[in-house]
Structure formats: C-alpha cells, structure tokens
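In: For reference, the sequence and a predicted model appear below.
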Amino acid sequence: MRAIVTTRNGDVGVMNIEERPDPTPTKDQVVVRVKAAGLNFADILCRQGLYPDGPPKPCVMGYEVSGIVESAGDEVDQKLIGKAVIAMTRFNGQAELVAVSSAQIFEKPASLSFEEAAAIPVNYLTAWALLVTMGGLRKDEAVLIHNAGGGVGLAALDIAKHIGAKTFGTASASKHEFLKERGLDHAIDYRNQDWLPVLIDLTQGKGVELVIDPLGGDSWKKSYRALRATGRMGVFGMSVASASGLSGKLRALKAVLQMPRYNPLGLMNRNKGVFGLNLGHMWGEGEKVRGWTMEIMRGVAEGWIRPHVDRAFPFDQIAEAHRHMEGRKNIGKVVLVP
C-alpha cells in the first residue's frame, strides 16, 4: 500500500509517499480501504516536532478516515466487509489501508460523500465535547468561536446554532461572507483589529458565556477576559506555536511563557471556569465517545450537522496540503485522497 510517511521533524520536505506492507487485521479489527483521510493541525505540529503525543518517526499520521471495509478479524461480524464506514484511527490513517478496532468504526451516512465523512470524527467530536459535554452551552447563551472558519470552528457553529446560542467568531475578513451564510451572527476580523474590545462592544459590555480557544499563549488571557459571570473557557490547542525548526521551538517557548496561570480562589471569586480538551487522550473512553458520535450522526440525519470540505488533496500533494492549512487558507476541512 501507499502511505504518507513523515521521516523526521522539519518542513514539508520531510514527508514522502512510500510503499508499506498491507496491514492484517487482528481478531477484533477490520482493515479499511481508505477513500479519504482527514488532515488536522496535530499532523502539522507532529511534522514540526511540536506534538508530544505523536508517534516516533518515521511514522504515518492520520486520526480519521472514511472508506470501505476490506477484511475483518475472526471475532468481527463478517457482514461488515464491503460496508462504507467512518473510522477513528490512532495514527496510520493517511494510507491506502488502515487496520482499526471494530469498536472505532461507524456506518457512513449515505447522504455524505467519502470526503465529507472524513471531516466528521476529529472536528465534530472536538466541537461536541467543547460545547455540549464540557462547555454546557445553552439556548440564548453567547459563544465565541476562535478560528471560526476552520474545521472545528465550522463544526462548533453547526452545534451552537442547533442549541440556539448567539454566535461570535474570529476569522480573517475574506472568510466573513461564507461564515455569515453558514449562520454566524457576528464575524470579527482578528487580523486587522483587536478582537476583544469589538466583542465587548457587541455584547454591550457583558462578554460571553463560552469561549473555545485553540490558539494558546497570550490569547488565553484575552479569552478569559471575554467571559462574563458564570463563563467558561475551553482550550484545545496551541497553534500559535506552529513553525518548523528552531523558530518553532522558540515560538512554543514564548507561548508557554505567555500562558495565564489560574488558581481555584481566583476562579471562584470571578465566577469563571477553565477546562481543557485533548481528544487524543480519550481512547480509554470509547463508550463515551461512541455516545457523542451517535448524537452527531443523528445531526447528520436531521440536517443540522453539515461538514464542509475546503479541498481534497491527492496523497502526492501532501506538501501543498500542509502549506494550505499552515497559511490558514482553508475554510472548513482539508482531506487527503489516495
């Protein structure tokens, strides 16, 4: 099989398309013929050597795929063979074939293309955990979605609109028209203005009940200040640290030094909460994640979950795909197709 192999830490030149042995399923696994694989910012940070949870290199990245079940282990229902599925993978997804536990696959909705289906797992599970499970967002509350034009941002917008929340989002000006068409109430240009006073003005000085922030560093301080009483901030990444080589390590160090420090007394006195999410550390909570996934699939069936694919890059254009995401050019999901 062909696979995208990250050979070492570095820029986009460290990724190659290589032939690797076809996987064989263990007794409780299936092998999926990949039709589309998701590309996430974690893959970029892993390539740069800034993702502590990444596998040792050389490695094949990829947390999510859609495709056709090609074979199944002895303890797996053989009727799954030939079925179109969505699968969550602990790496190895960016290849023509991937072996995964049968507990990590879900039937692909017929209404979604394979590219759209590959946009579901990481983005929508992250958004669901942030907004619903941990953020407790309720109807008529206000939420600020940073990077609203990205994959998680659009997923969060779908969910927030379904809940009936008032939505604010930061994004470059070129993405505002699209976001408003998707239902965002207020788009804020973070590149050409300070987003915090704009948000405070839009909320008549109150702030919002929930902020989801994947940026890290000093951004977390500002996001915390954007919360009104009983507000919650969910952090789920540190994308401001993204850069290859020494500059990446220096940016990561700067982001760490700029991080705010919270203590229980301060949170109590301000009536605010802060929580974190790392979806890659949820593999031991399969039953919980399966429950979230079923709710998301129900949203697909009812039409309020609408995954948007920005671009589908062939495997041999993996360098271009990484540059596209690093440059924040995408609106929605970037996927890879064999």
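Out: Arrived safely, thanks for sending.
In: which residues touch whatever helix or strand Val152 lives in?
Out: Secondary structure from DSSP states H and E places Val152 in helix 151-163. Under the contact criterion C-beta atoms under 8 Å, 6 or more residues apart in numbering, helix 151-163 has outside partners 40, 119, 122-124, 126-128, 130-132, 137-139, 143, 145-148, 167, 169, 171, 179, 182-184, 212, 214, 236, 299, 304-308, 330-334. Every residue, glycine included, has its C-beta placed from N, CA and C.
In: Out of those residues, list just those in helices.
Out: Val122, Asn123, Tyr124, Thr126, Ala127, Trp128, Leu179, Gly299 (DSSP state H).
In: How many residues are close by the fourth one?
Out: When neighbours are defined as other C-beta atoms under 10 Å, Thr126 has 25 of them.
In: any idea how far Tyr190 is from it?
Out: 20 Å (C-beta to C-beta, to the nearest Å).
In: Check the first one too.
Out: The span separating Val122 from Tyr190 equals 23 Å under the rule C-beta to C-beta.
In: pretty sure Ile305 contacts Ile296?
Out: Yes - with contacts defined as C-beta atoms under 8 Å, Ile305 counts as touching Ile296 at a distance of 5.8 Å.
In: Settle it for me: which of Val122 and Tyr190 has more neighbours?
Out: Val122 (24 against 20).
In: Local confidence estimate at that one?
Out: Confidence at Val122, expressed as pLDDT, is 97.
In: Can you verify my assumption that it contacts Glu64?
Out: Yes - using C-beta under 8 Å, Val122 is in contact with Glu64, at 5.2 Å.
In: list residues touching both of those two?
Out: Gly38, Asn40.
In: Poorly predicted segments of the stretch 151-300 of the chain, please.
Out: 239-259 (pLDDT under 70).
In: where do the helices sit along it?
Out: 151-163, 176-181, 195-202, 218-225, 245-258, 264-270, 286-302 (DSSP state H, counting those that start in this stretch).
In: Who are the packing partners of the fourth one?
Out: Taking 3 or more C-beta pairs under 8 Å, 6 or more residues apart in numbering; DSSP states H and E as contact, the helices and strands that helix 218-225 lies on are helix 195-202, strand 208-213, strand 227-235, helix 245-258.
In: can you check the longest one too?
Out: The contact analysis (3+ C-beta pairs under 8 Å, 6+ apart) places helix 286-302 against helix 121-128, helix 151-163.
In: Next one: the residue located most distally from the centre of the chain relative to Ala165, how far apart?
Out: Relative to the C-alpha centroid of the chain, counting by C-alpha atoms, centre = their mean, Asp74 is the outermost residue, at 33.1 Å. Between Asp74 and Ala165 the computed distance is 47 Å (C-beta to C-beta).
In: just Lys180 next, same as before
Out: 16 Å.
In: Looking at those two, which is more packed in?
Out: Ala165 (24 against 13).
In: OK, contacts around that one?
Out: Leu137, Arg138, Lys139, Asp140, Glu141, Ala142, Val143, Leu210.
In: How about Asp140?
Out: Gly164, Ala165, Lys166.
In: Include distance to Ala321 when you put those residues into a markdown table, please.
Out: Output for those, formatted as a markdown table (distance: C-beta to C-beta, whole Å):
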| residue | distance to Ala321 |
| --- | --- |
| Gly164 | 35 |
| Ala165 | 32 |
| Lys166 | 34 |
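In: So which residue is dead centre in this structure?
Out: Centre-nearest of the chain using C-alpha atoms, centre = their mean is Asn123, 3.7 Å out.
In: hmm, back to that, wait, which of the ones in helices among the contacts of helix 151-163 is closest to Val198?
Out: The shortest approach to Val198 among these belongs to Leu179, at 15.0 Å (C-beta to C-beta).
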